[in-house]
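# A predicted structure for the sequence below; I have some questions about it.
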Amino acid sequence: MPEDPKPEGAPVPESAPKPEAAAAPPAPPAAAPPAPKPAAPAAAKPAAPAAPKAPPVMMTEVWSSDLTEDLAEEFGGAISEFLKYQGQPFLVARPDAVLSILQAMKDNHEFDYLVDITAVHWPARDEQLDVIYIVYSFSRNERVRIKIKIKQGYKPLSATLLYPTADWLEREVYDMFGIEFEDHPNMKRILLPDEWSTFPLLKENGILKMDQQWVQENLGIESGQ
Amino acid sequence: MSGTFLDSTELVLNMGPQHPSTHGVLRVIVKLDGERVLGTECVIGYLHRGVEKIAENRTYTMFGPYVDRMDYVAAISNGLGYCLAVEKLLGVETTPRAAAVRVILTELNRIASHLLWLGTHALDIGAITPLFYCMREREAALMIFEKYCGARLTTHAFRIGGLQYETYEGFENECLEFCDMFLPKCDEYEELLTGNRIWVERLTNVGILNAEDCKAYGVTGPMLRAAGVAWDIRKALPYSGYEKYDFEIPTRENGDTFDRYMVRMQEMRQCVRIIRQAVGDIPAGPIMAKVPKVIKPPLGEVYVSVEAPKGELGYYLVSDGSTQPYRCRVRPPSYVNLQSLDKMARGSLVADLVAIIGTIDIVLGEVDR
């Protein structure tokens, strides 16, 4: 098996929440919302079995710079958190504000390159989907992630007018997660066939899940498996 | 005249999916007015294998070989990006020796990828000879991979935390020999093409994409540099020790097909420069950093990108603390760059469309994933 053949395995020192993650392996996806302060989880030691198993939390730090000050001033409550993980800054914003944040970052802070748009599905959460925008500024040499949390069925505004590259990126997000972007010029599937019925990267669709009807009609075979 | 078959209405044509100059299964729907292209639409997904879904169902280690199968002509770059992303998630850094060998193999792979591009691009345009020359030199690079790990294309050369194998006896010498052999060959290609009037006139002012459009369309790699933006992730956000090596970022101004050709040619020479420096200074030591036997990164998310031969190749990994990635998003340069095809092709001739598809340097395995 492809496991490490050389048993050198001392665990990495930084991975603080590791012992408890091992104790409760399938970390519920609900644990995802990043903690604003890195205070809570560190006290986890196997020596204290009586302590309630706090779900592991992402070990984030607060991110502050001139950019965060400007954005906080301009958007106030629309941005709930400025965080850093492993030195990479990201912010969590209200879904309806994301386009104006992108606009402000592009116009006032020279974030002129939209690297990527993607999504993550957290079925146990009320707001099931994260949509992540990654922007980069050539002049500042800085990369920032903007994250919004949306319920299924919510339609974020399309970023195509700000960044033409968002066209295919948003289409792929729609293709894989079923998130429709409002005002997108051509909101249809891109990688899968147009008539396909499922959204493969949603967690309820297993890896073997396919559109049986499509396969039978178009490929003339009983099943793709 | 109206109503006969000789009228001049617009014509919609399918190019591909099985068309030799689309470099794979790419279908381009072209709207033509005579010989002029009015607009294009790409239909992609023929090679979609659901790599991102597969990642969620494999352990971090097991997913390693899959990334080689996206951009299969630059598998080593893919592997490097993936390993760096998982290492970032784990909070480990590879050993100096592994980092140096990684750089050597990645740059050799960049040469191999550019050579394949050059050969096929020239072939599309009608110059058959360079293909054979390029394949010959590419073979020499692939032989080094084969000796190193037994595979030529889908190498899976790196492991999370370091290298798959220790380098073989004589690895350094063979790399240096390759460099010595390769530079005169570069001159040879340029003699065949750069000074060739047919080649120059065929490419100049074809498929122009200026710097502003490049940024708007998220276009990276040689295409961006041909438009005059000296941006290379190896310099801007160095990884794997690239900051130690002395090399230049070749740029051009016009952003047309000829400039992209020139940028890639010069990049190959820069690769040789990096390989020579790296080979001369491979530190001794272990090839693996201390990584746990079972890779189980703490809860978190990272985005790590590398300068692949085609542009910015990024991995956005989300860990839920288990042994499998909760989400593994690949930001493929070919996919994003291909989107600019319509912008470049509008107003050009059909024959130029073939040149423009070639100049983007796409690999459909990566576009469709």
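Yep, it's here.
# for A:Asp90, what are its contacts?
One correction, residue A:90 is Phe, not Asp. Contacts here follow CB atoms under 8 Å, 6 or more residues apart in numbering or on different chains; on that basis A:Phe90 touches A:Trp63, A:Leu83, A:Lys84, A:Val144, A:Arg145, A:Ile146, A:Lys147. Placement of C-beta: from N, CA and C, glycine included.
# can you check B:Ile29 too?
Applying CB under 8 Å, 6+ apart, one finds that B:Ile29 lies in contact with B:Val12, B:Leu13, B:Asn14, B:Met15, B:Thr40, B:Glu41, B:Cys42, B:Val43.
# what about the residue nearest to the fourth one when sequence neighbours are not counted, which helix or strand?
Leaving out its chain neighbours, the residue that sits closest to B:Met15 by CB to CB, 6 or more residues apart in numbering or on different chains is B:Val28, at 4.4 Å. Element membership for B:Val28, per DSSP states H and E: strand B:27-33.
# Just the CA coordinates for the helix or strand following that strand, please, in CSV.
Next along the chain after strand B:27-33, taking DSSP H and E as the criterion, comes strand B:36-43. Below are the C-alpha coordinates for strand B:36-43, written out as CSV (Å, rounded to 0.1, in the frame of the first residue of the first chain):
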residue,chain,number,x,y,z
ARG,B,36,-13.1,35.5,-40.5
VAL,B,37,-13.8,34.1,-37.1
LEU,B,38,-16.8,36.0,-35.5
GLY,B,39,-16.7,34.1,-32.3
THR,B,40,-15.9,30.8,-30.7
GLU,B,41,-17.2,28.6,-28.0
CYS,B,42,-15.3,25.8,-26.4
VAL,B,43,-17.0,22.6,-25.4
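# quick one: buried residues of strand B:36-43?
By 16 or more other CB atoms under 10 Å in any protein chain shown, the buried positions in strand B:36-43 come out as B:Val37, B:Thr40, B:Cys42.
# For the following helix or strand past that strand, C-alpha coordinates in CSV please.
Downstream of strand B:36-43, the next assigned helix or strand under DSSP H and E is helix B:51-56. The C-alpha trace of helix B:51-56 is given here as CSV (Å, rounded to 0.1, in the frame of the first residue of the first chain):
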residue,chain,number,x,y,z
VAL,B,51,-10.2,14.1,-10.0
GLU,B,52,-11.4,16.3,-7.3
LYS,B,53,-14.0,13.8,-6.2
ILE,B,54,-11.5,11.0,-6.3
ALA,B,55,-9.3,13.0,-4.0
GLU,B,56,-12.0,13.1,-1.4
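# Now do helix B:51-56: which elements does it pack against?
When contacts are defined as 3 or more CB pairs under 8 Å, 6 or more residues apart in numbering or on different chains; DSSP states H and E, helix B:51-56 packs onto helix B:60-67, strand B:325-331.
# Pipe the ones you listed into CSV and attach mean neighbour count and mean pLDDT per row.
Output for those, formatted as CSV (neighbours: other CB atoms under 10 Å in any protein chain shown; pLDDT from 0 to 100):
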stretch, mean neighbour count, mean pLDDT
helix B:60-67, 21, 91
strand B:325-331, 24, 92
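# what's the closest of these to B:Cys214?
B:Cys214 lies closest to strand B:325-331 among the helices and strands packed on helix B:51-56, at 16.1 Å (CB to CB).
# what angle do the closest one and helix B:60-67 make?
20 degrees (axes from the mean of the first three to the mean of the last three CA atoms, to 10 degrees).
# which neighbours does strand B:325-331 have in its sheet, and in what orientation?
Applying DSSP bridges, strand B:325-331 is found paired with strand B:311-319 (antiparallel).
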